[in-house]
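> Next input, structure requested:
(4 chains)
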Number of protein chains: 4
Amino acid sequence: MAIVLGPNRYGKAETRLVRVHRDGDTHGLVDLNVSIALSGDLSATHLTGDNSGVLPTDTMKNTVYAFAKQHGVGEPEEFALLLARHFVRTQGQVDSARVSVESFGWDRLGPHSFQRRGDHTRTTVVTVTRDATQVVSGITGLVLMNTTASEFHGFVRDRYTTLPETTDRILATAVDAKWRHLSDEADWGKSFQGAVDAMTTAFVNTYSFSLQQTLMSMGTLVLSGRPEIAEIRLTLPNKHHYLVDLSVFNLENENEVFIAGDRPYGLIEGTVTRDDVPPATTEWYL
Amino acid sequence: MAIVLGPNRYGKAETRLVRVHRDGDTHGLVDLNVSIALSGDLSATHLTGDNSGVLPTDTMKNTVYAFAKQHGVGEPEEFALLLARHFVRTQGQVDSARVSVESFGWDRLGPHSFQRRGDHTRTTVVTVTRDATQVVSGITGLVLMNTTASEFHGFVRDRYTTLPETTDRILATAVDAKWRHLSDEADWGKSFQGAVDAMTTAFVNTYSFSLQQTLMSMGTLVLSGRPEIAEIRLTLPNKHHYLVDLSVFNLENENEVFIAGDRPYGLIEGTVTRDDVPPATTEWYL
Amino acid sequence: MAIVLGPNRYGKAETRLVRVHRDGDTHGLVDLNVSIALSGDLSATHLTGDNSGVLPTDTMKNTVYAFAKQHGVGEPEEFALLLARHFVRTQGQVDSARVSVESFGWDRLGPHSFQRRGDHTRTTVVTVTRDATQVVSGITGLVLMNTTASEFHGFVRDRYTTLPETTDRILATAVDAKWRHLSDEADWGKSFQGAVDAMTTAFVNTYSFSLQQTLMSMGTLVLSGRPEIAEIRLTLPNKHHYLVDLSVFNLENENEVFIAGDRPYGLIEGTVTRDDVPPATTEWYL
Amino acid sequence: MAIVLGPNRYGKAETRLVRVHRDGDTHGLVDLNVSIALSGDLSATHLTGDNSGVLPTDTMKNTVYAFAKQHGVGEPEEFALLLARHFVRTQGQVDSARVSVESFGWDRLGPHSFQRRGDHTRTTVVTVTRDATQVVSGITGLVLMNTTASEFHGFVRDRYTTLPETTDRILATAVDAKWRHLSDEADWGKSFQGAVDAMTTAFVNTYSFSLQQTLMSMGTLVLSGRPEIAEIRLTLPNKHHYLVDLSVFNLENENEVFIAGDRPYGLIEGTVTRDDVPPATTEWYL
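Model (predicted):
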């Protein structure tokens, strides 16, 4: 038996970039949080502290800022691909580069004035190896609620089950979704907006008997409308809203007054996929 | 010398209420975080643990939910006044009730479907005593940025000053504002929207030589347009965006590529007031 | 009626300083978060953007780091006093300087090795004006629990009261305390440790009929043992632990199994003071 | 091509349990955050909202509390195994149960009095399937610093590299480690303490030329002393401390005054393993 180095990677996390594009008096604004992780032949630095194969994480940060100037910053998927390919191409010891980007949205208030939106964060994770490129897009923090059109009954009952069945409850969730693209070329902005619109539409229009059913509807509508997406993984917390018992005050609560709970919460996770797509080249939805 | 009880208060903090108003198939939604603090003759419980003058904080929570049913929930200022007056009126030992409310906004997606906004939180703090009522409204989390039209120069220089003067910088802040009303009656919703629009407009339109100047413009525009507001207190972090030095890479950075800094940050706090308004009845802006 | 500038201040918040004191091979470590706010004649920058009376917040940050080298960093109260006095003394337009410091504790693991503690943060807020100096010390994040020796009964009951009386409950809180010193000279380290020990001792030894009673015991023990402290303000969330009803599973829960609740929580705030101390020179406990 | 359901699971997340063990007047205290996820034949609820195979997440929560009474709560690994096995054994449609536990430490202050520690959180993730059981233990939030004995040089330089080489820097990290056990039986408490002591000892004693080298030392010392552990994964943020340039103030900074940075940070991730252990039965370190 020997003790040996296993899988590893390193990089610079959370480089905060604001890029202003100046088109005369009208400015554009891109606001990103960029994280980079490289893997490859990194044994020497682990075993002896020999850094001859280590590109400093400080250099990765510098590269983010320099590329933002040299190439501008458009869709986050494009910027992530540009960075990931750069590291694989220029660093012979690097086998794989993963670039993750969070994008924060701003609404325009004037030619050079903006207000930050807070209703979601757009994400991407790009993985480039010598042989393959994989692009995953996603969204976090999209909070949705239906105040009715949600039932939950017919479930398993065991010794520890006390939950009453209901034919009318609040269904609320904070969508955390990632989807894998079939290719490394797409109209990324249009694809993102289409996927989000499909998820929102499905959430609104599904008369729900379980959050799992809503999840499946959301994923299905995304895939049916977006041929460029191979599969989608949704992580949906069931943000419980508890009906308050007002009967002790001689008041009737007809699904009007709710406690918004913090913890615990249900957590529903599922993938919706096509049955004919090539497998992922890198694990992507854990 | 004796050791004695000084100022004190107690209550229930952060009662999370979601109130659905059902008008046939179309639902309305109010989402609040309510905190209550009472003060008065509370010596007995402090000195001997005699709770005969203590209304349980659990009862305050119940009252929030019961009132939400009995009276509905409209503007947060109204709901806070209703609660505060209830405790002062019904509890003889209570001299003062302070009710604070955070309101979270939701956009409508359908008759009973909603998406949570994340671009600001509306706040109110109402204080009711036997003699006086004070209403403070506010906003937090409103993040604004101008990518130009901001200069900073002509400042004091001492031994420890290294900051270069600039005639073009990013000005960004997360507005945290509170304003005191002259009366306990107003069109609260219209007043709130008017105050926020005034702040945003002033931020956009002020060519700024200091964040203090922008603060003064914001406060002045609010007061000039909203006669129901006595004074306003703005707390504006200067969210620094540092220009990246790209010259070492033979690149010129013409105010295009910035580091969005976390800490430290400037913090500018100021009040704009009318010179003829009655003083506050309770400290309100610390 | 005119719209005028009211109270205001500005400064640099959250300057993160780590100071290593090298005494041969054995190093000492101080880890601080320093915030500075100055007030005085700041009308010009607010009204016209004339910054001739504005020391940049960047300079305040530089001063923190330079003073850390020039003077070393001992007790946080001392370092805060040094900084606050510097700004009032050297800036004629400054009437008042407030310096707030959070101190993070580290346990020694070796001559130059440390592990960060996480069981509390030590705080100080020093206010220096032309006429007066006020030193407030404090602690946050000290979480304490008694699993018994706490009762709650005999309280007011109204229409909305449903809470059952109890003679055995968990009492848990996260101590947030501030205390005002009588002088600007003290053995700060010893004073802090003495105050914290007194609070902890009183929490452990008080058989409690209300959290208010426990608060009073804690404050009283601090003042009785620390003559250098004029008064103390305690903010104690009542971190509710709800007894789980296991009777539906034919199990008896004899105060053994609890839900640790998040929100809402009780919030008990009180001051314990001496009846013969001079009043505070600056508001300090809101 | 068809759109189909892919991998999925569901459960109750973050059930907060405090368990008091009463041994006469001396109480014991266990404070856990328990998350459960089940997978198996869950097609019906996804496709049609038929919940006949769905054990409610509310029932999972109830089970946590009931088991805490029935069986007591000892080591978190044991409690997690008990729960996971229960769900696989009693629910025929469940193929796999994953139970994750965060354990919060408390120091004893008296027979029934405790102070919460904040210097780390102990974790475990147990996965039970019909065929296999896998136990992973871990720690998060253990913050360590060496103020010297760390160098970084000899690294790759490219066009974007500006980092100077250094022979004396601060090395600080917040250890996030997980380790996989060879068996589902062990002296879990002793194993945990041994692993943490080994990591801390290696951090203190390694003269470091890269954080990767320190990571390898830490993992190696854990495996060499703990035969029950198959492999360990360490995620180590490089919490940068930047030397302040005080030369502009005519002060020399001999590695004494540092800025503690927030973002960006390096992120070093690596696995140390034995070359003869059976593979994991479930992905565990992403």
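> which SS state does the one residue in the stretch 51-200 of chain A that gets nearest to chain C fall under?
Distances between the stretch 51-200 of chain A and chain C by C-beta to the nearest C-beta are smallest at residue A:162, namely 5.8 Å. Placement of C-beta: from N, CA and C, glycine included. Here residue A:162 is recorded as coil under DSSP: H, G, I helix; E, B strand; the rest coil.
> From residue B:72, how far out is it?
31 Å (C-beta to C-beta, to the nearest Å).
> Skip the chain neighbours and tell me the closest residue to residue A:1.
Nearest residue to residue A:1, sequence neighbours excluded (C-beta to C-beta, 6 or more residues apart in numbering or on different chains): residue D:276, at 4.9 Å.
> Give the burial count for that neighbour, as a bare number.
Neighbour count for residue D:276, taken as other C-beta atoms under 10 Å in any protein chain shown: 9.
> you'd agree it is up against residue A:3?
No: at 10.4 Å, residue D:276 does not count as touching residue A:3 under the criterion of C-beta atoms under 8 Å.
> In contact with the closest residue to residue A:274 other than its chain neighbours, which residues?
Distance criterion C-beta to C-beta, 6+ apart; nearest residue to residue A:274, sequence neighbours excluded, is residue D:1 at 5.4 Å. For residue D:1, the contact set (C-beta atoms under 8 Å, 6 or more residues apart in numbering or on different chains) comprises A:274-276.
> and of the residues you listed, the nearest to residue C:23?
For the contacts of residue D:1, the residue nearest residue C:23 by C-beta to C-beta is residue A:274; the value is 66.2 Å.
> which residues touch residue A:224?
By C-beta under 8 Å, 6+ apart, the residues touching residue A:224 are residue D:3.
> For residue A:64, grab the count of nearby residues.
Neighbours of residue A:64 using other C-beta under 10 Å come to 27.
> outside of the host helix or strand of it, which residues touch it?
Here residue A:64 sits within helix A:57-71, counting by DSSP states H and E. Residues from elsewhere that reach helix A:57-71 (C-beta under 8 Å, 6+ apart): A:10-12, A:15, A:17, A:19, A:34, A:36, A:38, A:79, A:82-83, A:86-87, B:244, B:246, B:249, B:251-253, B:256-257, B:259, D:156-158, D:160-163, D:238, D:264, D:266-267.
> For PyMOL, what selects the buried ones among these?
With 16 or more other C-beta atoms under 10 Å in any protein chain shown as the criterion, this PyMOL line picks the buried residues out of the contacts of helix A:57-71:
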select buried, (chain A and resi 10+11+12+15+17+19+34+36+38+79+82+83+86+87) or (chain B and resi 244+246+249+251+253+256+257+259) or (chain D and resi 156+160+161+163+238+264+266+267)
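> Give me the distance between residue A:10 and residue A:87.
To residue A:87, residue A:10 is 12 Å away according to C-beta to C-beta.
> anything in contact with each of those two?
Common neighbours of residue A:10 and residue A:87, counting by C-beta under 8 Å, 6+ apart, are residue A:38.
> Name the nearest residue to the residue in the stretch 51-200 of chain A that chain B sits nearest to, sequence neighbours excluded.
Relative to chain B, the nearest point of the stretch 51-200 of chain A is residue A:118 (2.6 Å; C-beta to the nearest C-beta). Nearest non-adjacent residue to residue A:118, counting by C-beta to C-beta, 6+ apart: residue B:118, 2.6 Å away.
> Relative to residue B:234, how far out is that neighbour?
Taking C-beta to C-beta, one finds residue B:118 at 21 Å from residue B:234.
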